[in-house]
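K.L.:
have a look; sequence and predicted model below, questions after that.
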Amino acid sequence: MKKAAYSTDVPYLSYLMNLRENPNKYSAQKASPVQGIMGSNPQAAKAAVFQETNDDVMRRLVKETKVKESVRQAMMPPSEEGPSNRALTDDEGNVVTLEQIEAGSEGLMSPPSEGDLGVTDPDKVFEEGNFKNDVILGEFTGTIDILQKNTEFTTKLSTIAEKYDITEREILRVAARESSLLTDPKAKNMFEILGTPAEEAGIDLDKLNSSTNPVDHLNALEKYLDRWDYDGKASLGLLIAAPAARNASSDYVVYEKGSAELKANPKWAGPDGNATVESINKFYRGE
């Protein structure tokens, strides 16, 4: 008998082709979640299914995607019950049979998109290699690789970015400018928060300066931003360098040439030697 032709464009076809000759392909009748529909829907008895353990699912998701924390929390932990069976459905949730797959029916469910998995644009996703070509962060890829493995850090970073409507990239750029992402031995803390601002924000500066845990420094940054009722409209670098100028125009002179602040931070200066809102923003954004 001539075998039916298979279309390689059908989602999950590799699973279905392998299962076509599997004598256990109807074992979905005995497993959740299709168990409840088998008795009332005769068509479900012919459902095309594929098998994948919960461990496989979790490993694949963690390895291949980066998701929002809300999505991560919604994921079920690996089950000890062994493999489960799931029926393949179309976009409207109707069970798809092997016959429909062979016929190349339209409207079959496609693999989840990046949007479905909570993946956002590159500026908001702390992913491996994302900052390799960044004008500021490119030289810190090794440090970033280490920070990526710190789930508590990446979660807090994402939380702060969403809370204040800024990007993770901007937070990391400021940290790189201020402390080389906490690798500069001369830096007191990741964002170089000083005495008076720390006191006003309720930050224990001595404890912060002695901490090597980057999460502590993100927590301190959050307190600092809350103290200034930060809304993301001004650049984060400007709020760190001169919070009082956060609502000033771009040509406003924040620090004059020869001032103590500019002597300590000469790269803030613009072409005329003064530090303006614009020149400070360019320094922290690598422009």
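P.N.:
Ah, there it is.
K.L.:
list the buried residues of stretch 155-174.
P.N.:
Buried residues in stretch 155-174, counting neighbours by 16 or more other CB atoms under 10 Å, are found at 155-158, 160-161, 164, 166-174. In short, each C-beta sits where N, CA and C put it, glycine included.
K.L.:
just the closest of these to G142, please.
P.N.:
L172 (13.6 Å; CB to CB).
K.L.:
quick check, the closest one in a strand?
P.N.:
No. Counting by DSSP: H, G, I helix; E, B strand; the rest coil, L172 is not part of a strand but helix.
K.L.:
which ones are touching the closest residue to it other than its chain neighbours?
P.N.:
Residue nearest to L172 in three dimensions, not counting chain neighbours: L137, with 5.8 Å by CB to CB, 6 or more residues apart in numbering. Residues near L137 by CB atoms under 8 Å, 6 or more residues apart in numbering: 131, 144, 169, 172-173, 176.
K.L.:
circling back: which one of the buried residues of stretch 155-174 is nearest E200?
P.N.:
Y164 (17.8 Å).
K.L.:
which residues touch whichever strand or helix holds L208?
P.N.:
Using DSSP states H and E, L208 falls within helix 205-209. Contacting residues not belonging to helix 205-209 are listed as 188-189, 193-195, 198-199, 216-217, 220 [CB under 8 Å, 6+ apart].
K.L.:
restricted to strands, list the residues you listed.
P.N.:
Using DSSP state E, no member of these sits in strands.
K.L.:
now the buried members of the residues you listed.
P.N.:
188-189, 193, 198, 216-217, 220.
K.L.:
show me where this structure has its helices.
P.N.:
Ranges of helices in the chain, per DSSP state H, are 13-19, 35-38, 54-64, 69-74, 98-103, 141-148, 151-163, 168-179, 195-201, 205-209, 214-227, 236-241, 260-264, 277-285.
K.L.:
can I get the contacts of L137 in a markdown table with pLDDT and distance to N265?
P.N.:
Formatted as a markdown table, the contacts of L137 follow (pLDDT from 0 to 100; distance: CB to CB, whole Å):
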| residue | pLDDT | distance to N265 |
| --- | --- | --- |
| F131 | 76 | 23 |
| I144 | 89 | 24 |
| R169 | 90 | 21 |
| L172 | 94 | 19 |
| R173 | 94 | 15 |
| A176 | 95 | 15 |
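K.L.:
which of those lies closest to V277?
P.N.:
R173 (16.8 Å).
K.L.:
stretch 146-157: end-to-end distance?
P.N.:
14 Å (CA to CA, to the nearest Å).
K.L.:
pull out the buried residues from it.
P.N.:
147-148, 153-157.
K.L.:
out of the residues you listed, who's nearest I203?
P.N.:
K156 (15.4 Å).
K.L.:
once you drop chain neighbours, what's closest to that closest one?
P.N.:
Going by CB to CB, 6+ apart, K156 has L218 as its nearest residue, at 4.6 Å.
K.L.:
the one you found reaches L157, doesn't it?
P.N.:
Yes. Using CB atoms under 8 Å, L218 is in contact with L157, at 6.3 Å.
K.L.:
hey, C-alpha coordinates of the helix holding L208 in CSV?
P.N.:
The C-alpha atoms that make up helix 205-209 are tabulated as CSV, following Å, rounded to 0.1, in the frame of the first residue of the first chain:
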residue,chain,number,x,y,z
LEU,A,205,25.3,52.9,52.9
ASP,A,206,27.9,51.1,55.0
LYS,A,207,26.2,47.8,54.5
LEU,A,208,25.7,48.5,50.8
ASN,A,209,29.3,49.4,50.2
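K.L.:
how far away is K282 from N265?
P.N.:
13 Å (CB to CB, to the nearest Å).
K.L.:
where in the stretch 1-150 of the chain is pLDDT low?
P.N.:
1-130 (pLDDT under 70).
K.L.:
repeat that with 50
P.N.:
Along the stretch 1-150 of the chain, the parts satisfying pLDDT under 50 run over 1-11, 15, 23, 25-50, 79, 81-84, 109, 112-125, 127-129.
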